[in-house]
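> just coords:
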C-alpha cells in the first residue's frame, strides 16, 4: 500500500529547500553534506532522504522551484499589464524580478553556481524555464524597439545585459544602503530604455 502524504508535506519540503539552499550557498556543492543540511533543517537524515535521495536532487528542486516562482510572477505581471505601454510593462516586469529575488539570495547563488552538476534531463528542464523568463523580457524589448534586430542581432545582447544588471544585484545591494530595491529596478530599466532609443 502506498504511503499517504502527510498534511504538512509541502511545508516541510519548503523548509528543507530553504535551509539546503543556505548550506549550498555557504559551502558549495562539494563541501556541503546531507548531514549538514539535515542539521540546518532540524530534521533527521532519514526524513531528509525521504524527501530527497541526493544533493543533486535537492539542487534541482531549489533551482526549479525558484525559477517556477519567478516565471509565474512574471506571467501575472504580463497579464495584468497587457494593455499598458510596453515601456511601463518593462518597468513592472523588472520590479517583479527584483521582488522575487528578495530573501532568495541563497537560491539565486545555487542557480548560478550549481546548475552544472545537474543531469542532462534536469538541465533541459531548467533551460526551458530560463528561456521562458528571458523571452518575457525580450518580447517586451522588441515591442519597444521593433527594429532592434534589423542591422545586427542585438535583442539577445540587450536582454542579457539587463539580466546581468539584475542577477548580480545581490552581490552589492544593502537593504539600508543609498538605494532601495524598487529604485534600482527603475534605474536598470531606465538605462535600458534610454539605450534602446539610440542603439544601432
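Yep, that arrived. This structure is a prediction, so every number in the text was calculated from the model and none was measured. Numbers count the residues shown, from 1 in each chain.
> contacts, neighbours, all on C-alpha from now
Will do.
> got the end-to-end distance for stretch 149-157?
Chord length of stretch 149-157, first to last residue, is 11 Å (Cα to Cα, to the nearest Å).
> For it, buried residues please.
155-156 (16 or more other Cα atoms under 10 Å).
> Over to stretch 187-200?
188-189, 192-193, 196.
> Return the subset of those lying in helices.
188-189, 192-193, 196 (DSSP state H).
> pLDDT weak spots in the protein?
Flagging of the chain using pLDDT under 70 yields the residue ranges 1-7, 200.
> Next one: the most centrally placed residue in it from residue 91, what distance?
Closest residue to the average C-alpha location of the chain: residue 67 at 4.7 Å, with Cα atoms, centre = their mean. In this view, residue 67 and residue 91 are 20 Å apart by Cα to Cα.
> Can you name every helix or strand that the host helix or strand of residue 29 contacts?
Per DSSP states H and E: residue 29 is located in helix 9-31. Helices and strands touching helix 9-31, by 3 or more Cα pairs under 8 Å, 6 or more residues apart in numbering; DSSP states H and E, are helix 34-41, helix 55-80, helix 105-114.
> gap between it and the chain center?
The chain centre lies 16 Å from the centre of helix 9-31; the measure is Cα atoms, centre = their mean, to the nearest Å.
> Quick check: buried residues in it?
12, 16-25, 28-29.
> again with stretch 124-137
By neighbour count with 16+ other Cα under 10 Å, stretch 124-137 contains the buried residues 126, 129-130, 132-134, 136-137.
> on that earlier part again, now the helix holding residue 29 against helix 105-114, angle please.
Calculated by axes from the mean of the first three to the mean of the last three Cα atoms, to 10 degrees, helix 9-31 forms an angle of 50 degrees with helix 105-114.
> on that earlier part again, could you dump the helices and strands packed on helix 9-31 into JSON lines with distance to residue 184 added?
JSON lines is the format used below for the helices and strands packed on helix 9-31 (distance: least, Cα to Cα, whole Å):
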{"stretch": "helix 34-41", "distance to residue 184": "33"}
{"stretch": "helix 55-80", "distance to residue 184": "18"}
{"stretch": "helix 105-114", "distance to residue 184": "16"}
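> still on that earlier bit, pull the residues that contact the helix holding residue 29.
Applying Cα atoms under 8 Å, 6 or more residues apart in numbering, the external contacts of helix 9-31 come out as 32, 36-38, 40-41, 48, 51, 55, 58-59, 61-62, 106-107, 109-110, 114.
> Same question for stretch 184-200.
87, 90-91, 94-95, 98, 144-145, 148, 151-152, 158, 162, 165-166.
> Could you rerun that using 7 Å?
91, 94-95, 98, 145, 165 (Cα atoms under 7 Å, 6 or more residues apart in numbering).
> Looking at those residues, which are in helices?
Using DSSP H, the contacts of stretch 184-200 in helices are 91, 94-95, 98, 165.
> follow-up on the earlier one: farthest-apart pair in the contacts of stretch 184-200, please.
With Cα to Cα as the measure, no two of the contacts of stretch 184-200 lie farther apart than 98 and 145, at 23.4 Å.
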